[in-house]
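Trainee: need a 3D model of the following:
(2 chains)
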Amino acid sequence: MTPSFTRSMTDTPFIYFGGDSHMAGDELADDTLQCWKDIYGEYRNTSADINTHVTQYIPAKNNEIHLWTPEQFQEYRRCQRDRHWTTIVCDEHGIKHHNDGLSGSSQEAVLHRAILSFDKFERAGNVPTLAIIQLTPPDRVTVYDDRPMSRKAHHIFYRTQMNEQFGFDTSFIFNFNPHMTGVASPYCLAHMDVESETGNIVRWLTTLAITNSFFKEKTGRYPIYVSCFKNSAAVYLNTASNNETISSSPGYQSLVTQSRVHTINHDIWNLGHEQHLICPGQHHTPQTHANFAQFIAPHLLQELNNGS
Amino acid sequence: MAANPFIYFGGDSYMAGDELADDTLQCWKDIFGTYQDIPDARYHTEFSEAKKKEMHDWSDSHHQQYLCCQRDRLWTTLVCDKHGIKYYNDGASGSSQEAMLHRAVISFDTFEREGNVPTLAIIQLTNPGRITVYRDEVSPEERERHRRAFDMSHVFSVVLNNTPIHNSYDFVNIRKYILAHMDLESEKGNIIRWLTTLAITNSFFKEKTGRYPIYLESNNMAVWRYVKKAQNTVGPEYQSLIHQARLYAIDSNVWNLGHERHLSCPAGHHTPQTHANFAKFIAPHLLQELNRKEI
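Mentor: Okay, here's the model as predicted:
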């Protein structure tokens, strides 16, 4: 039975969600597009070939939506939002929430946007009581633009994002590099020349450690981390543990401790817990989101009741 | 005052004591002889080479003696030793604001394991034109002598000015990386990164020490010089960053190492005399802060 709110639960629970495309609801509304129906038609057990997805589907999608009216974009975003597990569970239980997810975000970018959002919450006198932060892969790096991305709202990428308020962050994904164009590709390659995969993990652990402090200060408690795939944190740490020099270093052990990755419960806070097929671009399907919303509800309510 | 006050200091070369012991070197005496009003460009060329040569065959104890001299002349040592205050100085040359926070994360884990956590953090502000990458390993020498964790910061202006870089990395790769970064992130973008880091730095120390850190400037009006460069960055988002960085809480008239400056070291750092002056000046303010529970 799903527990309901109790007296001990904060009077006005307010959850802050942060993350990348999985939190932003990427692909959740794509099955409404004609090009999706033509190219894919159905969800499958495995994602599409990345080259097909990038060279065929994405251009077809851009072609289909680039003349959309603002109302059509709004409808697309509403569909994403309504199918997202955060909306499903929060709406069902009357929990106020704010979803700051943005595609491609690094862990640093997630934190940058949280700073901007929490300043707004503090000014409005209504600060979230709990933060649920999605873990992103360590191989992402963020640069900062002069203008907040909301000023680029005309760009098709931002028009399809469920979150309409952005920070100054632009993140780049190292393993996506072959498909990058312009200045991003040389930047990623140059970065990879001076920071190894293990260095990426050191950066990621550092960011998690300070993410903990940020939310502890703002909400009074450490954030809950949610994975998108089974034990993803362990997969990342495994890469570093293969490097004996670093895994035996006390400094590295300090980062692991301060990142609190040991407190992550992957059996529960894992969007891929009960995966139902997969989207062509490797995101979870609307059905998986619905399953997870149902599965996570009692755990979420329990966390809100615990309050610390 | 807390029963056991314990201050954590973080910063770059100003906090690490760069140049404070250089006047004990024969090459310094030969090339510069005295402190002057302005920096001397020969530091990065003639002196740098001569220093490397002079220190090359030093024994460990000779290196220790040099580091000891630096430490003894730093304002943090002068004021804390005089007033019997426990402290830890995590300053490392060239650090970005991000690198300072990275080292603080590691140091505070050690403090927590030992059950002795600082009660106040004093963090020096660095230039936003710095970027940090992370390495796989840190040699014991780097950890001991240079207080490095995994961070390796790079200073954008070094590439622009073509100043030689002396570290273990391949300069060609570093230069390529810095230029690629500068292609994507403008000077204003640097400032946004810097403000973001300050906002998180506040949260980190608030959690760990129970209060926000005190920020220290190394030069007059440094903060406002940086912020001025980004003043055309309009919008509520930028104002949010300024607000969360708590720049308004910085008292440049007090927490400023250049408050009563006495000449300059050849590379632009403050002289031993400036450190001594500042130690004397800041002592009552520091004691007052230790008596305060929260800002």
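
Trainee: so which residues on the stretch 151-295 of chain B come close to chain A?
Mentor: Counting by CB under 8 Å from any CB of the partner chain, the stretch 151-295 of chain B comes close to chain A at B:152, B:169, B:173-174, B:176-177, B:179-181, B:183-186, B:188-190, B:192-193, B:196, B:199-200, B:202-204, B:206-208, B:233, B:235-238, B:240-241, B:243-244. All C-beta atoms are positioned from the backbone trio N, CA, C, and that covers glycine.

Trainee: of these, keep whichever come out buried.
Mentor: With neighbours counted using 16 or more other CB atoms under 10 Å in any protein chain shown, these contain these buried positions: B:152, B:174, B:176-177, B:180-181, B:184-186, B:188-190, B:192-193, B:196, B:199-200, B:202-204, B:206-208, B:233, B:237-238, B:240-241, B:243-244.

Trainee: in strands, which of the residues of the stretch 151-295 of chain B next to chain A fall?
Mentor: Among these, the members falling in strands (DSSP state E) are residue B:152.

Trainee: and the residues of the stretch 151-295 of chain B next to chain A, which of them are in helices?
Mentor: The members of those that map onto helices under DSSP state H are B:173-174, B:176-177, B:179-181, B:183-184, B:188-190, B:192-193, B:196, B:199-200, B:202-204, B:206-208, B:236-238, B:240-241, B:243-244.

Trainee: where does residue A:97 land in three-state SS?
Mentor: Here residue A:97 is recorded as strand under DSSP: H, G, I helix; E, B strand; the rest coil.

Trainee: do the one 5 residues further on as well
Mentor: The assignment at residue A:102 comes out as coil when based on three-state DSSP.

Trainee: am I right that it is in contact with residue A:24?
Mentor: Yes - under the criterion of CB atoms under 8 Å, residue A:102 makes contact with residue A:24 at 5.4 Å.

Trainee: which neighbours do those two share?
Mentor: A:161, A:163 (CB atoms under 8 Å, 6 or more residues apart in numbering or on different chains).

Trainee: residue B:53: neighbour count?
Mentor: Number of residues near residue B:53 (other CB atoms under 10 Å in any protein chain shown) recorded here: 10.

Trainee: tell me who's in contact with it.
Mentor: residue B:27.

Trainee: which regions of chain B sit below the pLDDT cut-off?
Mentor: By pLDDT under 70, the low-scoring segments of chain B are B:1-3, B:143-145, B:160-170, B:220-221, B:232-234, B:293-295.

Trainee: check contacts around residue B:14.
Mentor: With contacts defined as CB under 8 Å, 6+ apart, residue B:14 is in contact with B:91, B:124, B:218, B:257, B:269-270.

Trainee: now the element after the strand or helix carrying it, going C-ward?
Mentor: Mapping residue B:14 onto the secondary structure by DSSP states H and E places it in helix B:13-16. Under the assignment DSSP H and E, the closest C-terminal helix or strand after helix B:13-16 is helix B:26-31.

Trainee: buried ones in that following helix, by neighbour count?
Mentor: Neighbour-count burial for helix B:26-31, with 16+ other CB under 10 Å as criterion, is recorded at B:27-28, B:31.

Trainee: for stretch B:66-73, same thing?
Mentor: Under 16+ other CB under 10 Å, the buried positions of stretch B:66-73 are B:66-67, B:69-71, B:73.

Trainee: quick one: which two of the contacts of residue B:14 are the most distant?
Mentor: Using CB to CB, the two most remote members of those are B:91 and B:270, lying 12.8 Å apart.

Trainee: neighbour count for these two, which is higher?
Mentor: For residue B:91 versus residue B:270, the count of surrounding residues by other CB under 10 Å is larger for residue B:270: 26 against 23.

Trainee: now the more buried one, nearest residue through space, not along the chain?
Mentor: In this structure, residue B:270 finds its nearest non-sequential neighbour in residue B:257, 5.8 Å apart by CB to CB, 6 or more residues apart in numbering or on different chains.

Trainee: quick check: phi and psi on the residue of the stretch 201-308 of chain A found nearest chain B?
Mentor: Here the residue of the stretch 201-308 of chain A nearest chain B is residue A:254; by CB to the nearest CB that distance is 3.5 Å. Note on residue A:254: its backbone torsions stand at phi -60, psi -40 [degrees, to the nearest 10].

Trainee: next up, the contacts around it.
Mentor: Remark: with contacts taken as CB under 8 Å, 6+ apart, residue A:254 is in contact with B:105-106, B:109-110.
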